[in-house]
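Trainee: Coordinates for the following, if possible.
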Amino acid sequence: MTELIQIAAAIKARGDIAEADIAAIRRAIFKDGVVSRTEADALFSIEHMRTNHLPGWSELFSEALTDYCIRQEPPEGYLTEEAAAWVMAEISKGKHPSTDAEVELLINLIQTAREVPASFSAFALNHVKTMVMYGGGKDKHGREHHGGRISTADIHALERILWGAGSEGHLAVSREEAEALFAIAEMSTGAENDDRFDDLFAKAIGNYLLGATGRSVPSRDVSLRWETEETHLDAARLLRAVMQTYSTADWSKLRDRDFWAEGLRPRTLAEDVEAAFDAQVKAREAADAAASIMTPDKAAWLLDRIGKNGVMSPPEKALARFIARNASRLDPSLARTLDKARA
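Mentor: This is a model prediction of the structure:
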């Protein structure tokens, strides 16, 4: 840690970061294979000091802090509420987050984690909104975020946030994210946006309105149980099996040794996980079917945001057409809006 303090002092004195600094920081952090909280704090401290863009720093900053946030604290692979709050607090210390490091970290965490809190991806989208409004310099590849319009760099950031935020590859756009996207679309109306924005906007908002969007991160106690392979007697499972014999009057099962052997057999974690996965798949199928209905409350939410000045923008028209094609049932209040989109 002493070495990191010395490097940080040198960067502060110069006001910029050099390639030699990046190599030294990497050696100091990864020499024991573990990024500590103290080292994570030091990385943010250095980020707040440096004034120049270097791709190597963007890569190191994002890589090391992603490793700390989702690989070294249980549940492994998930960004917990606590870790998300810490990252957002650190990034909020500055007036504007750096696009090549801090915003890149937000996006990389979303892409890498199996799941992140919905508020975290909304936080990232709101920073993209700020970049669309004011510009934000270069991304990690050196592409410019131009103020006043949605650039190629903005599209790349939006795609990584939205497509990476779902559980196990299942796109799940939250209300917070949908509202951030509407704000981005509104502030760039009439601008020469990247051609891909209309389609991205329609699919993402359409997913919020017509998709099953439940997202959750396992709690610490649940994750710790996952990491300990145990066997246990599932008394509730045995009781259900016995009661089933009474409901079907299949008394022969109660005289069958295999019936009792299976009922009394200790269950493994793997069997529990498999059963839970099967239940989750069935629940998601039912949720998807219910979510595909454009209910009155969803219609009200949409009508409160679309065509505010009496004119529908291109992304809003794309969204209306998407809903018309994909909803299993439409609320009558949407008829006029959908007719405008077809015109």
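
Trainee: The helix or strand that contains Phe322 - contacts with which helices or strands?
Mentor: Assigned by DSSP states H and E, Phe322 belongs to helix 314-326. If contacts are counted by 3 or more C-beta pairs under 8 Å, 6 or more residues apart in numbering; DSSP states H and E, helix 314-326 sits against helix 197-210, helix 335-342. (C-beta placed from N, C-alpha, C; glycine too.)

Trainee: Can you check what angle separates it from helix 197-210?
Mentor: Angle of helix 314-326 versus helix 197-210, following axes from the mean of the first three to the mean of the last three C-alpha atoms, to 10 degrees, is 50 degrees.

Trainee: For the stretch 1-150 of the chain, give me the ranges with low pLDDT.
Mentor: 1, 73-74, 134-147 (pLDDT under 70).

Trainee: Determine the angle, from 0 to 180 degrees, between the helix holding Phe322 and helix 335-342.
Mentor: 110 degrees.

Trainee: Run through who's touching helix 314-326.
Mentor: Here helix 314-326 makes contact (C-beta atoms under 8 Å, 6 or more residues apart in numbering) with 185, 197-199, 201-203, 205-206, 209-210, 292, 294, 302, 306-307, 312, 330, 334, 337-338, 340-342.

Trainee: For the stretch 51-200 of the chain, which segments count as strands?
Mentor: 137-138, 144-145 (DSSP state E, counting those that start in this stretch).

Trainee: in the helix holding Phe322, what's buried?
Mentor: 314-320, 322-324, 326 (16 or more other C-beta atoms under 10 Å).

Trainee: now it: mean pLDDT?
Mentor: For helix 314-326, mean pLDDT rounds to 92.

Trainee: what separates it from the chain centre, distance-wise?
Mentor: 24 Å (C-alpha atoms, centre = their mean, to the nearest Å).

Trainee: Could I get the CA-only coordinates of that helix as PDB?
Mentor: C-alpha atoms of helix 314-326 as PDB (Å, rounded to 0.1, in the frame of the first residue of the first chain):
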ATOM      1  CA  PRO A 314     -39.300   8.900 -34.500                       C
ATOM      2  CA  PRO A 315     -38.300   6.800 -31.500                       C
ATOM      3  CA  GLU A 316     -41.800   7.200 -30.000                       C
ATOM      4  CA  LYS A 317     -43.400   6.000 -33.200                       C
ATOM      5  CA  ALA A 318     -41.000   3.000 -33.300                       C
ATOM      6  CA  LEU A 319     -42.100   2.200 -29.700                       C
ATOM      7  CA  ALA A 320     -45.800   2.400 -30.600                       C
ATOM      8  CA  ARG A 321     -45.400   0.100 -33.500                       C
ATOM      9  CA  PHE A 322     -43.400  -2.300 -31.400                       C
ATOM     10  CA  ILE A 323     -46.200  -2.500 -28.800                       C
ATOM     11  CA  ALA A 324     -48.800  -2.900 -31.500                       C
ATOM     12  CA  ARG A 325     -46.900  -5.900 -32.900                       C
ATOM     13  CA  ASN A 326     -46.000  -7.600 -29.600                       C
END
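
Trainee: Any regions of the stretch 151-300 of the chain where pLDDT drops low?
Mentor: For the stretch 151-300 of the chain, the ranges with pLDDT under 70 are 165-171, 212-285, 287-288.

Trainee: at 90 instead, please
Mentor: Along the stretch 151-300 of the chain, segments meeting pLDDT under 90 span 151-177, 180, 183-184, 186-193, 207-208, 210-293.

Trainee: if I look at Ser121, how far off is Asn193?
Mentor: As judged by C-beta to C-beta, to the nearest Å, Ser121 and Asn193 stand 21 Å apart.

Trainee: Of the two, give the one with the bigger neighbour count.
Mentor: Neighbours were counted for Ser121 and for Asn193 using other C-beta atoms under 10 Å; Ser121 has more, 28 against 23.

Trainee: I figured that one hits Ser174, correct?
Mentor: Yes: counting by C-beta atoms under 8 Å, Ser174 is a contact partner of Ser121 at 7.1 Å.

Trainee: buried ones in stretch 186-196?
Mentor: Buried residues in stretch 186-196 (16+ other C-beta under 10 Å): 188, 193-194.

Trainee: again, but for stretch 16-29
Mentor: Here stretch 16-29 shows 17-18, 21-22, 24-25, 28-29 as buried, counting by 16+ other C-beta under 10 Å.

Trainee: And the contacts of it?
Mentor: 1, 3-4, 7, 10-11, 35, 39, 43, 46, 50-52, 54, 56-57, 60, 64.

Trainee: picking that back up, considering the buried residues of helix 314-326, which is situated nearest to Asn108?
Mentor: Pro315 (26.4 Å; C-beta to C-beta).

Trainee: Leaving out chain neighbours, which residue sits closest to the closest one?
Mentor: Counting by C-beta to C-beta, 6 or more residues apart in numbering, Pro315 lies nearest to Phe201, which is 4.0 Å off, once chain neighbours are set aside.

Trainee: show me the residues around that neighbour that make contact.
Mentor: 181, 185, 315, 318-319.

Trainee: that older thread, which of the helices and strands packed on helix 314-326 sits most buried?
Mentor: helix 197-210 (a mean of 22; mean count of other C-beta atoms under 10 Å).

Trainee: Give me the distance from that helix to the chain's centre.
Mentor: That offset, for helix 197-210, works out to 16 Å (C-alpha atoms, centre = their mean).

Trainee: Stretch 60-72 now?
Mentor: Using C-alpha atoms, centre = their mean, the offset of stretch 60-72 from its chain centre is 16 Å.
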